[in-house]
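# For reference, the sequence and a predicted model appear below.
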Amino acid sequence: METAVFRLEGVTKRYGDLVALDNATMEAGSNEYISFLGPSGSGKTTLLRVIAGFEAPETGRVIFEGRDITNLPAHERGIGFVFQNFALFPHLSVIANVGFGLRYGKSPQPEAEIDRRAHEMIDLVGLKGLEDRGVDQISGGQRQRVALARTLAMQPRLVLLDEPLGALDANLRGRMRTELRAIRERLGVTFLHVTGSENEALAMGDRVVVLDRGRIIQTGRATEIYDSPNSPDVAHFLNRFNLFDGTFRAGYFEGPFGRIPAPGARRADRDVYAIRYDRMRAVAPGSAVQGPALKATWIASEYLGSAIVNFFETDGGRVVEMEQHLSLGAPQTFEPRQDCLLTWNPEQAIVFGREAA
Ligand code: ADP
Ligand code: MG
């Protein structure tokens, strides 16, 4: 990576007995977009609050632009943030909200400059024409953009976003993603973006940081994380893999689909077989398949626009998902409770084993 603009070094944050952040270390380059992915309670908000300066860590340091800011008050850090429950000033117009920090902040700007920058930011987030509206007279998605514009107007070099798109409907969320990407390219700002959505994390981030119970368990480019999760937990959080328990021994994995070769297994703290939803195939029962064969009955399907997901239930009562991209041709159709055999190319599986090299 190019020079790090921002670094966390061994940061631990406790609330009583609970370790919300456990020795977290990471860095971000200038103009980098980093997504944080992790289940609820994994410490994502705490991490951003420590960086913003709203929480003091018990141990570790926060370095920003070469300076140790661990003990610097939040308002002196020059870090922008948009949290999920962003608060706008309800009695002020859009433009007054966007210009608020420039007018009343640490270094107040001349009126003409406030006006110029506020207009520029409003334009940037696509709210031109709404400058004089009250913020109670615009939609939730538009309010979200006002919050973003208000933050960006302060020209921070680092922007923290805590699930800012969570409250938006899918359509608006998609548009905001595109806008965030464009903004980042125009302004050259580093973004740290917390999202509960694995799709958003993979789509937005140059790099993805995966959190679990306060620990950073994997960091990498989105494609690396997706193609190569380093543990069963990461594979689970990506929400794109069927995960099977079983036994890995001497290069083979024995699971509900039989005993199959598992070359290239990765060492982990438990034996888990992971196969992506879009790698599964369903064939008629009794078909001759080489490799894995998992008996299952079809229970439901879900149309996703560009793909269809079929849900199957195994004899053991497990739900297994199979995703078919519609660009690959007409999808298979199934009858309720239709019996099938699920199979896949074992070379496409990711196998975790205690005995793996
Ligand atoms: P996330 O944003 O990933 O959902 P949080 O960072 O909000 O997770 O929380 C991490 C853990 O710390 C959770 O178990 C949460 O209950 C706890 N926690 C967060 N804030 C506080 C607080 N102010 N007091 C006590 N516990 C807290
Ligand atoms: Mg949170």
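Looks like it arrived, so ask away. Numbers count the residues shown, from 1 in each chain. Ligands and ions are numbered 1, 2, ... in the order given.

# Could you list the low-pLDDT ranges of the stretch 1-150 of the chain?
Where the stretch 1-150 of the chain drops to pLDDT under 70, the residues are 1-2.

# near ligand 2, which residues of it?
Residues of the stretch 1-150 of the chain lying close to ligand 2 by C-beta under 5 Å from the ion are 44, 45. In short, each C-beta sits where N, CA and C put it, glycine included.

# backbone phi and psi for residue 33, please?
phi -110, psi 110 (degrees, to the nearest 10).

# how close does it sit to residue 164?
Remark: distance between residue 33 and residue 164 (C-beta to C-beta, to the nearest Å) = 13 Å.

# can you pull out the strands in the stretch 51-200 of the chain?
59-64, 67-68, 79-82, 158-162, 190-195 (DSSP state E, counting those that start in this stretch).

# Reformat those into a markdown table and put distance to ligand 1 and mean neighbour count next to each item.
Converted to a markdown table, the strands of the stretch 51-200 of the chain look like this (distance: least, C-beta to the nearest ligand atom, whole Å; neighbours: other C-beta atoms under 10 Å):
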| stretch | distance to ligand 1 | mean neighbour count |
| --- | --- | --- |
| strand 59-64 | 15 | 18 |
| strand 67-68 | 23 | 12 |
| strand 79-82 | 13 | 23 |
| strand 158-162 | 7 | 23 |
| strand 190-195 | 7 | 25 |
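
# Dump the ones you listed to JSON lines, plus distance to residue 334.
Below are the strands of the stretch 51-200 of the chain laid out as JSON lines (distance: least, C-beta to C-beta, whole Å):
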{"stretch": "strand 59-64", "distance to residue 334": "52"}
{"stretch": "strand 67-68", "distance to residue 334": "60"}
{"stretch": "strand 79-82", "distance to residue 334": "44"}
{"stretch": "strand 158-162", "distance to residue 334": "41"}
{"stretch": "strand 190-195", "distance to residue 334": "33"}
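
# what residues do residue 33 and residue 164 have in common as contacts?
Any residue near both residue 33 and residue 164 by C-beta atoms under 8 Å, 6 or more residues apart in numbering counts here, and that gives residue 193.

# tell me which element the spatially closest residue to residue 216 that is not a sequence neighbour is part of?
Among residues not flanking residue 216 along the chain, residue 24 sits closest, at 5.3 Å (C-beta to C-beta, 6 or more residues apart in numbering). Using DSSP states H and E, the element containing residue 24 is strand 18-29.

# just the angle between whichever helix or strand comes after that strand and strand 18-29, please?
Using DSSP H and E, the next helix or strand after strand 18-29 towards the C-terminus is strand 33-37. In terms of direction (axes from the mean of the first three to the mean of the last three C-alpha atoms, to 10 degrees), strand 33-37 departs from strand 18-29 by 160 degrees.

# Strand 33-37: how far from the chain's middle?
6 Å (C-alpha atoms, centre = their mean, to the nearest Å).

# ok, now stretch 275-287?
With C-alpha atoms, centre = their mean as the basis, stretch 275-287 stands 28 Å off its chain's centre.

# residues of it that come out buried?
If you call a residue buried by 16 or more other C-beta atoms under 10 Å, then stretch 275-287 has these buried ones: 275, 276, 277, 278, 279, 280, 282.

# just stretch 37-46 next, same as before
Neighbour-count burial for stretch 37-46 flags 37, 38, 42, 43, 44, 45, 46 (criterion: 16+ other C-beta under 10 Å).

# before we move on, what about stretch 128-140?
For stretch 128-140, by 16+ other C-beta under 10 Å, it's 130, 131, 134, 135, 138.

# Which of the residues you listed sits closest to ligand 2?
If you rank these by distance to ligand 2 using C-beta to the ion, residue 135 comes first, at 23.8 Å.

# got the contact list for the closest one?
If you count contacts by C-beta under 8 Å, 6+ apart, then residue 135 has 88, 89, 90, 92, 93, 94, 97, 143, 146 around it.

# Can you say which of those are buried?
Buried by 16+ other C-beta under 10 Å: 88, 92, 93, 94, 97, 143, 146, out of those.

# Nearest to ligand 2 within the protein, name that residue for me.
For the chain, C-beta to the ion, closest residue to ligand 2: residue 45, 3.2 Å.

# so that residue, which of the three states?
Recorded secondary structure, residue 45: helix (DSSP: H, G, I helix; E, B strand; the rest coil).

# hmm, back to that, I'd like the buried residues of stretch 128-140 as TSV, with distance to residue 261 appended.
Shown next, in TSV, are these (distance: C-beta to C-beta, whole Å):
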residue	distance to residue 261
130	61
131	64
134	66
135	61
138	59
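
# Number of residues surrounding residue 147?
24 (other C-beta atoms under 10 Å).

# Could you count how many residues lie near residue 6?
For residue 6, the count of nearby residues is 22 (other C-beta under 10 Å).

# same deal with residue 9?
By the other C-beta under 10 Å criterion, the neighbourhood of residue 9 contains 17 residues.

# mind listing what it touches?
Counting by C-beta under 8 Å, 6+ apart, the residues that residue 9 touches are 25, 60, 61, 62, 63.

# circling back: hang on, isn't the residue nearest to residue 216 packed against residue 214?
Yes: counting by C-beta atoms under 8 Å, residue 24 touches residue 214, with 7.5 Å between them.

# Overlap of the contact sets of those two?
residue 43.

# Up against ligand 1, what does this protein have?
Listed as neighbours of ligand 1 in the chain under the rule C-beta under 6 Å from any ligand atom: 15, 18, 20, 38, 40, 41, 42, 43, 44, 45, 46.

# go again using 5 Å as the cut-off
15, 20, 40, 41, 42, 43, 44, 45, 46 (C-beta under 5 Å from any ligand atom).
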